[in-house]
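In: okay, here's the prediction I keep looking at, along with the sequence it came from:
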Amino acid sequence: MRKFGVSFNRITHVFISHLHGDHFFGLVGLLSTMHLMGRVKAIHIYGPVGLKEIIQMQLEVAKGKLAYDLIFREIEPEETSVLFEDDKVSVACFPLVHKIPTSGFRIEEKERERTLLAEKARVDGVKLEYFHRLKKGEDIEEDGTTISHLDYTKAAEPPKSYAYCSDTALSDKTVAAVAGVNFLYHEATFIEALRDRAKATKHSTARDAAEVAKRAKVGKLLMGHLSARYDSGKQHLEESKEVFLNSECVEDGQVIEVI
Ligand SMILES: [Zn+2]
Ligand SMILES: [Zn+2]
């Protein structure tokens, strides 16, 4: 995060998919570093049953008392529910299919307010105090005339959505849970040549990831969690593109605009 200039303070919610080490062993280190850097703002952590005990135990044996609160919410393995919601986004979890209980996450932007045509409103002398109501789609009655929101606002961009699936074998339930998202991050640990390995470890191949993307009619597929045995994602990409063209292998630090 430091390398890519992402501020620790911007993180207020952490979602842990499952308790395999490559997905959460770094958490206690991150929490400790935030403490050392003077954090006082609480962090909400969502994850499988057992995560809270592990983190608390790690902090206790080190006699480390954090200067900020940790607020845990345990995710039930088979739960499909909204974990977090504010006026801008919601985050829901859904079950994946892996060797141990694992959740995927779907982040959904909420419908935005209409965009004000500020210049036009000013030229026509629309009062500042009405702007807020017009953006909400209200029409305003003033001295017997109607100020229509359609004249002074335009529709906002459609809400965006993103889903995160790691680690998992291919499942119909995943397809339903990620249906229609703009961007799908899906693990692609293997390629078809190692189909047996994928099956034994309940991971996906690039083709599996592409299958989900295609069937769920997502906008774009982002593949990651490639096995260390591969030097690049070239073969993964060749495989996925046969099924779902708009695919990409992503790397740490890559910035992707959700459009
Ligand atoms: Zn795993
Ligand atoms: Zn993993």
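Out: Alright, I've got the coordinates. Residues are numbered from 1 along each chain as shown. Ligands and ions are numbered 1, 2, ... in the order given.

In: beyond the strand or helix carrying residue 173, next helix or strand please.
Out: Taking DSSP states H and E as the definition, residue 173 sits inside helix 172-177. If you walk from helix 172-177 toward the C-terminus, the next helix or strand you reach (DSSP H and E) is strand 183-187.

In: list of residues touching the helix or strand following that following strand?
Out: Sequence-wise, the next helix or strand downstream of strand 183-187 (DSSP H and E) is helix 195-201. Here helix 195-201 makes contact (Cβ atoms under 8 Å, 6 or more residues apart in numbering) with 99, 169, 189-190, 203-205, 208. C-betas here are computed from N, CA, C, even on glycine.

In: how far does helix 195-201 sit from its chain's centre?
Out: Centroid separation between helix 195-201 and its chain, computed with Cα atoms, centre = their mean, to the nearest Å, is 26 Å.

In: buried residues of it, list them for me.
Out: 198, 201 (16 or more other Cβ atoms under 10 Å).

In: three-state assignment of whichever residue of the stretch 151-259 of the chain sits closest to ligand 1?
Out: Using Cβ to the ion, the closest approach of the stretch 151-259 of the chain to ligand 1 is made by residue 167 at 3.7 Å. Using DSSP: H, G, I helix; E, B strand; the rest coil, the structure places residue 167 in coil.

In: same question for residue 47.
Out: Assignment for residue 47 (three-state DSSP): strand.

In: so who does residue 13 touch?
Out: Applying Cβ under 8 Å, 6+ apart, we find residue 13 in contact with 43-46, 84, 91.

In: repeat that with 7 Å
Out: For residue 13, the contact set (Cβ atoms under 7 Å, 6 or more residues apart in numbering) comprises 44, 84.

In: for the stretch 101-250 of the chain, what spans make up the helices?
Out: For the stretch 101-250 of the chain, the helices defined by DSSP state H, counting those that start in this stretch cover 118-123, 131-135, 149-152, 172-177, 195-201, 206-215, 234-243.

In: wait, which of the ones you listed is closest to residue 184?
Out: If you check each of the helices of the stretch 101-250 of the chain against residue 184 by Cβ to Cβ, helix 206-215 wins as the nearest, at 5.5 Å.

In: tell me the most buried of the helices of the stretch 101-250 of the chain?
Out: Of all the helices of the stretch 101-250 of the chain, helix 206-215 has the most neighbours on average by mean count of other Cβ atoms under 10 Å, namely a mean of 24.

In: average pLDDT for it?
Out: When pLDDT is averaged along helix 206-215, the result is 98.

In: tell me which other helices or strands it touches.
Out: Judged by 3 or more Cβ pairs under 7 Å, 6 or more residues apart in numbering; DSSP states H and E, the packing partners of helix 206-215 are helix 172-177, strand 183-187, strand 220-224, helix 234-243.

In: export the helices of the stretch 101-250 of the chain as a markdown table, with columns for distance to residue 109.
Out: Listed next are the helices of the stretch 101-250 of the chain as a markdown table, based on distance: least, Cβ to Cβ, whole Å:
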| stretch | distance to residue 109 |
| --- | --- |
| helix 118-123 | 23 |
| helix 131-135 | 17 |
| helix 149-152 | 21 |
| helix 172-177 | 17 |
| helix 195-201 | 32 |
| helix 206-215 | 20 |
| helix 234-243 | 26 |
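
In: save the ones you listed as JSON lines, and put in distance to ligand 1 too.
Out: JSON lines is the format used below for these (distance: least, Cβ to the ion, whole Å):
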{"stretch": "helix 118-123", "distance to ligand 1": "50"}
{"stretch": "helix 131-135", "distance to ligand 1": "44"}
{"stretch": "helix 149-152", "distance to ligand 1": "49"}
{"stretch": "helix 172-177", "distance to ligand 1": "15"}
{"stretch": "helix 195-201", "distance to ligand 1": "8"}
{"stretch": "helix 206-215", "distance to ligand 1": "15"}
{"stretch": "helix 234-243", "distance to ligand 1": "18"}
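
In: looking at the ones you listed, which is nearest to residue 5?
Out: Residue 5 lies closest, by Cβ to Cβ, to one member of the helices of the stretch 101-250 of the chain: helix 234-243, at 27.7 Å.

In: okay then, goodbye and thanks.
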